[in-house]
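In: predicted coordinates and the sequence they were generated for:
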Amino acid sequence: MPNPPRLSDLSGAPDAPVGTLRTRGRRFAELLAIARRHELLPFRRLDFSHDPATSELRAKQADHLRRALEEAGGGFVKMGQLLSTRDDLLPDEWTEGLAHLQRNVRPAPPEDVAALLERELGAPVDQVFRSFDPVPVAAASIAQVHRARLQDGTEVAVKVQRPGIDQAVRRDVDIALRVVRFMARWSAEARQVGVQDVAAQYAADLVCQVDFSAELRNLAALRAAQARSARPDEVVFPTPHEELSGRRVLVMEFLQGDTLSALRAARSDRDLDEPMRAILRAFLRQVVFDGIYHADMHPGNVILLPDGRPALIDFGSVGRLDPGLRDIVQELLAAYLQDDTSRIADAVLRMAPVRDAQDEPDFRRDIARFVADELGPGARIGVETVDDAVEVFGRYRLKAPPDFVAAARALAIFEGTLRTLAPSFDLLEESRGLARDQIRDQLSPGKLRDVAVRELFGAVTAARRLPRRVDRIGEAIESGKLSVNIRLFSDRRDRQTLNGVIRRVLLVLLGSGAGILAIVYLSLPARPTAVLSTGVAGALLGGAAVVLLAWAAIDAALARKRE
């Protein structure tokens, strides 16, 4: 996943200035005006209940919010699209109203689109394409898609960035990050849930989506991974035309079919279980084995082709897992299939070791409880499931890798799509069966041969380096320069033991010293001093000696009990 952007990164982006303070202030005032014009202020008036008596009010407010987000544009539309899949958080009236954002965004003026295409392609539109439909077949928050034909008759989809959206997104991201930072400064709850990290990740994703050259690379990588799979034709990815694509234009194969959001709006009775199963199988393979996955599979990004196969579009949000993290995910999957919570905990601890070894038993119990409650038979996975897992990590001050959390959230987004289109589809149970299929695919003779060749190559490389390393160690021994670094007391329990020993030794020394002085004072003839008589001083020192020695004895007994 992309690194969270800094404000300095955004302001320094090429030909996409964030804007001056006056520009940001004007935009913030504009957003407030939009919210007020669409009756969204004050926010406490918005109804998020499930009361049937106020259903009409919720539908009206959802329509106002949808129009306000369209008017605000850019990242605000993307946020509405994500919320439209969250029927576990929002009432039906809100999700149905926001779902219109996925198929009904106001298109950009045709003359502005033509001018942008001419600049990016270096030639007039009619010279590049035999035909170009100025009316887009789909308009989204970042871009819109036009149907066209190349000079050789090939039908293509031309994805064009909305004119001016680059600067607008970066400016809005800048404003949003400043507002979130202000919230985190004054709200302990916002800091606790890590609102700054979440906002920064969302901002980074939006900034990446306004660069279509990155989307082209994502599409090429996903197509290559799909081609290597055991079922290369199960899920369709459009063929890109790299020679016509750039930072603001992406030309690719035109795919006939309806988006899942359109099918939902039309209340189609088509059976979606098999297409959903194919997409889930592809997603699991992408995350577990390929290390690159489509991270934004909401209903508007999935097309159902006439032959019944699903196709994925919009590759602006694509996540990646490094090989080390991918190995841990594979171990987690194998342990989950075998219901082995001990191995699940082992894999989690490899990914995020506990800081205090004494917390490990409690952490293992909590992980086992989480798997049984949240991932057991009949459970439904969602974004809240990911949040609960992160909360378990936070309880033991563990930091889950951001890429792992992003992959889990991508699965939760897909689960939201499943819930709205195929409510009877059991994601976890289907995942178990499909994961077994994926593992069998990976054990095919061809895959095993590839793994054997890869491992053999690694072993040969390591073997070639071994004589040199042995020779260097021998030279160091011969010259007397061999050194070994050892960290003493790196374990907290060792440090606690040492501290306890030092404390008890000091208590015994102080107690013994006080006792000796008490005996000396008590053996002297009774005579008053400037402050205390020798008898009183001896008695006080004797009492102190008893207290200190008793303290040392109790501390030693407790230490033995803990051990």
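Out: On my side now, so go ahead.

In: how much space is there between the residue positioned nearest the centre of the chain and Ala435?
Out: The structure's the chain has its C-alpha centroid closest to Ala406; by Cα atoms, centre = their mean the separation is 2.0 Å. Using Cβ to Cβ, to the nearest Å, Ala406 is found at 20 Å from Ala435. Yep, even glycine has a C-beta here, placed from its N, CA and C like the rest.

In: what does Asp471 give?
Out: In this view, Asp471 and Ala435 are 46 Å apart by Cβ to Cβ.

In: what's the answer for Val156, then?
Out: 36 Å.

In: do I have it right that Ala157 meets Pro240?
Out: No. Checked against Cβ atoms under 8 Å, the pair Ala157 and Pro240 is beyond contact range at 10.1 Å.

In: can you pull the residues that touch both of the two?
Out: Common neighbours of Ala157 and Pro240, using Cβ atoms under 8 Å, 6 or more residues apart in numbering, are 251-253.

In: now secondary structure too, for the residues you listed, in a markdown table please.
Out: Listed next are the shared contacts of Ala157 and Pro240 as a markdown table, based on DSSP: H, G, I helix; E, B strand; the rest coil:
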| residue | secondary structure |
| --- | --- |
| Val251 | strand |
| Met252 | strand |
| Glu253 | strand |
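
In: buried ones among those?
Out: Listed as buried from the shared contacts of Ala157 and Pro240 are 251-252; burial here means 16 or more other Cβ atoms under 10 Å.

In: closest one of the shared contacts of Ala157 and Pro240 to Asn301?
Out: Met252 (13.8 Å; Cβ to Cβ).

In: so what's that closest one up against?
Out: Met252 makes contact with 156-157, 159, 219, 238-241, 245, according to Cβ under 8 Å, 6+ apart.

In: can you pick out the ones from these that are in helices?
Out: Cross-referencing the contacts of Met252 against helices under DSSP state H gives Leu219.

In: any of the contacts of Met252 buried? List them.
Out: By neighbour count, with 16+ other Cβ under 10 Å, the contacts of Met252 hold 156-157, 159, 219, 238, 240-241, 245 as buried.

In: tell me which two of these sit farthest apart.
Out: Pairwise distances across the buried ones among the contacts of Met252 peak at 13.6 Å for Val156 and Leu219 (criterion: Cβ to Cβ).

In: circling back: wait, the residue nearest to the centre of the chain sits on Gly319?
Out: Yes. Assessed by Cβ under 8 Å, Ala406 is found in contact with Gly319 at 5.1 Å.

In: who touches Ser131 in this structure?
Out: Ser131 neighbours (Cβ under 8 Å, 6+ apart): 148-149.

In: doesn't it lie inside a helix?
Out: No. If the criterion is three-state DSSP, then Ser131 is strand and not within a helix.

In: where does the protein have its least confident helix or strand?
Out: Lowest by mean pLDDT, DSSP states H and E among the helices and strands of the chain is helix 7-11, with a mean of 39.

In: what's the next secondary structure element after that helix?
Out: Scanning forward in sequence from helix 7-11 by DSSP states H and E, the next helix or strand is helix 21-37.

In: pretty sure Leu101 sits against Arg67.
Out: No. The criterion here is Cβ under 8 Å, and Leu101 misses it with Arg67 at 9.9 Å.

In: show me which of the two is the more surrounded one.
Out: Ranked by neighbour count (other Cβ atoms under 10 Å), Leu101 and Arg67 place Leu101 first, with 26 against 17.

In: can you pull the contacts of that one?
Out: Per Cβ under 8 Å, 6+ apart, neighbours of Leu101: 66, 69-70, 77, 80-81, 84, 141.

In: phi, psi of Thr259?
Out: phi -70, psi 160 (degrees, to the nearest 10).

In: what's opposite it in the beta bridge?
Out: Note on Thr259: beta-bridge partners by DSSP bridges are Ile303.

In: how far does stretch 222-241 stretch from start to finish?
Out: For stretch 222-241, the first-to-last residue distance is 15 Å (Cα to Cα, to the nearest Å).

In: need the residues that contact that stretch.
Out: Contacts to stretch 222-241, defined as Cβ under 8 Å, 6+ apart, come from residues 150, 156-157, 216, 219-220, 250-255, 278-279, 281-282, 285-286, 290, 292, 294, 305, 309-313, 315, 318, 441, 444.

In: 7 Å instead?
Out: The contact list for stretch 222-241 (Cβ atoms under 7 Å, 6 or more residues apart in numbering) reads 156-157, 216, 219-220, 251-253, 255, 278-279, 281-282, 285-286, 290, 292, 294, 305, 309-313, 315, 318, 441, 444.

In: out of those residues, which are buried?
Out: Buried members of the contacts of stretch 222-241, counted by 16+ other Cβ under 10 Å: 156-157, 216, 219, 251-252, 255, 278-279, 281-282, 285-286, 290, 292, 294, 309-313, 315, 318, 441.

In: among the residues you listed, which are in strands?
Out: 156-157, 251-252, 292, 294, 310-312, 318 (DSSP state E).

In: for Leu498, state which of those is nearest.
Out: Ile292 (48.1 Å).

In: just checking, that closest one touches Arg320?
Out: Yes. Ile292 is in contact with Arg320 according to Cβ atoms under 7 Å; the separation is 5.1 Å.

In: which stretches of the stretch 1-150 of the chain have low pLDDT?
Out: 1-21, 23-24, 43-44, 74-75, 78-79, 81-83, 85-90, 102-105 (pLDDT under 70).

In: what segments of it are strands?
Out: Secondary structure of the stretch 1-150 of the chain (DSSP state E, counting those that start in this stretch): strands at 129-132, 138-139, 143-150.

In: paired strands for the shortest one, with orientation please.
Out: Just to be clear, that refers to strand 138-139. Going by DSSP bridges, the partners of strand 138-139 are strand 143-150 (antiparallel).

In: for the strand it pairs with, list every residue counted as buried.
Out: 143-148.

In: ok, so of those, who is nearest Asp271?
Out: Using Cβ to Cβ, Val145 is the member of the buried residues of strand 143-150 that lies nearest Asp271, at 27.1 Å.

In: now the closest one: how far from Glu96?
Out: Using Cβ to Cβ, one gets 24 Å for the distance from Val145 to Glu96.

In: same check on Gly538?
Out: The value you get for Gly538 to Glu96, if Cβ to Cβ is used, is 88 Å.

In: repeat that for Asp346.
Out: For Asp346, the distance to Glu96 - Cβ to Cβ - is 44 Å.
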